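Enquirer: heads up, no residue letters with this:
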């Protein structure tokens with residue numbers, strides 16, 4: 001022992017099983033790229049204790065969830081330190097029960113503001129191979145990192161969350177109205193078009209029908225008979241639990257496959273929907289595109305704040321797709337920036353040792369024959 005003592009001859013008895021996961025601000029699907037930004041919300045349900053077991057604490061009589069967390073609501077995940085956010089530990093009498101407790105706690109946790117490895121952790125914990133103990137260092141390669149790190153919320157859940165978000169925004173606007181506040185949202189003497197709301201899906205994932213974009217468009221009407229959304233009704237989705245007028249804060253819907261989805265809409269910035277299938281972070285899209293948001297084709301944007309430690313090209317160089325152009329250092333790691341297309345480096349806006357902010361245009365590669 002560190003203080004010079006000795007260990008007992010007989011080891012302490014064991015009881016049950018404990019499993020720990022480490023929650024990181026990172027994107028596993030993009031080579032575990034660290035993420036930075038403000039955490040708007042951090043809350044894990046059912047936590048029995050944090051950082052230590054109090055004297056007399058009976059883990060067997062608790063929820064079995066321990067949280068060792070270094071951040072809180074409003075914390076900024078910077079670029080100068082390791083991006084680990086928390087350790088979440090579950091105890092249960094059996095290994096299977098411990099994995100289920102831990103997966104449920106992570107699924108239902110409110111973690112909003114930056115991307116995390118939460119989905120990867122949940123899918124590993126729920127995987128039959130992991131639960132059977134069939135784990136080794138090739139587990140991710142064998143079962144596919146892309147599949148394991150896919151968002152927990154599927155296309156149905158994402159689309160329904162967007163509809164609930166549109167209704168919640170309409171209810172907010174109606175409550176804030178100072179003129180004719182009693183009229184239903186979107187009321188017209190003669191109905192010509194459905195109401196329309198666009199959202200950006202902030203975690204960068206795209207539902208199956210929108211593989212090339214992260215924008216979701218919602219169309220609906222509020223009639224005398226209630227909510228009407230043709231795209232959902234055509235699929236056989238029952239919308240009786242998603243109601244106009246504010247009830248979208250907590251909603252339910254029954255899609256064609258018969259499962260009932262339940263969710264709640266949290267008024268954060270950005271607006272977030274939480275449901276057992278996973279979080280759906282949505283941001284209202286502007287009605288008109290901003291010139292500031294447009295980048296030239298072939299632009300390489302800084303994925304996070306950091307320092308340019310090496311530049312391997314100059315303006316006018318010919319490059320091929322995938323060729324390393326520069327390296328950005330952040331969060332104790334170097335991130336390689338590659339050419340998105342084969343062509344010519346027509347702009348190079350950074351030098352070595354320069355500090356850059358997220359989203360800055362580092363360089364532009366003009367595609368061959370474009």
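Expert: Nice, thanks for sending it over. Given the structure is predicted, the values throughout are model-derived calculations rather than measurements.

Enquirer: residue 336 contacts residue 322, correct?
Expert: No - counting by CB atoms under 8 Å, residue 336 stays clear of residue 322, with 10.0 Å between them. No exception for glycine: its C-beta is placed from N, CA and C like everyone else's.

Enquirer: what about residue 300, distance to residue 31?
Expert: 16 Å (CB to CB, to the nearest Å).

Enquirer: between the two, who's got more neighbours?
Expert: Per other CB atoms under 10 Å, whichever of residue 300 and residue 31 has more neighbours is residue 300, with 23 against 11.

Enquirer: can you tell me the SS state at the more buried one?
Expert: Here residue 300 takes the strand state, with states given by DSSP: H, G, I helix; E, B strand; the rest coil.

Enquirer: I'd assumed residue 360 was in contact with it.
Expert: No - with contact defined as CB under 8 Å, residue 300 does not reach residue 360; the gap is 9.6 Å.

Enquirer: dihedrals phi and psi, residue 131?
Expert: phi -60, psi -30 (degrees, to the nearest 10).

Enquirer: report how many residues lie close to it.
Expert: 16.

Enquirer: pretty sure it contacts residue 99?
Expert: Yes - in this structure, residue 131 is within contact of residue 99 by CB under 8 Å, at 5.7 Å.

Enquirer: shared neighbours of those two, anything?
Expert: Shared contacts of residue 131 and residue 99, defined by CB atoms under 8 Å, 6 or more residues apart in numbering, are found at residue 125.

Enquirer: shaky segments in the stretch 151-300 of the chain?
Expert: Scanning the stretch 151-300 of the chain for pLDDT under 70 picks out 181, 183-191, 203-213, 243-251, 255-259, 266-277, 287-295.

Enquirer: helix or strand right after the lengthiest helix in the chain?
Expert: Longest helix in the chain by number of residues, with DSSP state H as the criterion: helix 155-176. Downstream of helix 155-176, the first helix or strand assigned by DSSP states H and E is strand 195-201.

Enquirer: give me the distance from stretch 138-151 to the chain's centre.
Expert: 17 Å (CA atoms, centre = their mean, to the nearest Å).

Enquirer: got the contact list for it?
Expert: Stretch 138-151 has contacts (CB under 8 Å, 6+ apart) with 28-29, 117, 119-120, 123-124, 127, 129-130, 158, 203, 205, 278.

Enquirer: what comes up buried for it?
Expert: Neighbour-count burial for stretch 138-151 flags 143, 148, 149, 150, 151 (criterion: 16 or more other CB atoms under 10 Å).

Enquirer: next: stretch 223-243.
Expert: Neighbour-count burial for stretch 223-243 [16+ other CB under 10 Å]: 227, 229, 232, 237, 239, 241, 242, 243.

Enquirer: contact partners for the second one?
Expert: Counting by CB under 8 Å, 6+ apart, residue 229 makes contact with 163, 218, 219, 220, 221, 239.

Enquirer: phi and psi next, for it.
Expert: phi -140, psi 100.

Enquirer: do you know how far it is from residue 156?
Expert: Look at residue 229 and residue 156: by CB to CB, they are 13 Å apart.

Enquirer: what's around residue 80, how many residues?
Expert: 10.

Enquirer: repeat that for residue 64.
Expert: Neighbour count of residue 64, defined by other CB under 10 Å: 23.

Enquirer: what's the closest non-adjacent residue to it?
Expert: In this structure, residue 64 finds its nearest non-sequential neighbour in residue 91, 4.3 Å apart by CB to CB, 6 or more residues apart in numbering.

Enquirer: for the residue nearest to residue 296 when sequence neighbours are not counted, give me its contacts.
Expert: Once flanking residues are discounted, residue 296 sits nearest to residue 364: 5.3 Å by CB to CB, 6+ apart. Residues counted as contacts of residue 364 (CB under 8 Å, 6+ apart) are 296, 298, 299, 300, 345, 346, 347.

Enquirer: pick out whichever of the residues you listed sits closest to residue 65.
Expert: In terms of CB to CB, no member of the contacts of residue 364 lies closer to residue 65 than residue 300, at 41.9 Å.

Enquirer: so how far is residue 343 from that closest one?
Expert: Going from residue 300 to residue 343 by CB to CB gives 12 Å.

Enquirer: need the overlap of contacts for these two.
Expert: By CB under 8 Å, 6+ apart, residue 300 and residue 343 have these common neighbours: residue 365.

Enquirer: reformat the buried residues of stretch 138-151 as CSV; add secondary structure.
Expert: Output for those, formatted as CSV (three-state DSSP):
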residue, secondary structure
143, helix
148, helix
149, coil
150, coil
151, coil
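
Enquirer: in helices, which of the buried residues of stretch 223-243 fall?
Expert: In helices, judged by DSSP H, the following of these are found: residue 232.

Enquirer: end to end on stretch 99-119, go ahead and measure it.
Expert: In stretch 99-119, first residue to last residue: 14 Å (CA to CA, to the nearest Å).

Enquirer: for it, buried residues please.
Expert: Result for stretch 99-119 [16+ other CB under 10 Å]: buried residues 99-119.

Enquirer: gap between the two ends of stretch 314-330?
Expert: Stretch 314-330 end-to-end distance (CA to CA) = 23 Å.

Enquirer: ugh, wrong one, I meant stretch 341-351
Expert: End-to-end for stretch 341-351, by CA to CA: 21 Å.

Enquirer: now the strands for the stretch 251-370 of the chain?
Expert: Along the stretch 251-370 of the chain, counting by DSSP state E, counting those that start in this stretch, strands occupy 261-266, 271-274, 280-284, 299-301, 306-311, 318-319, 324-330, 333-338, 343-348, 355-356, 361-367.
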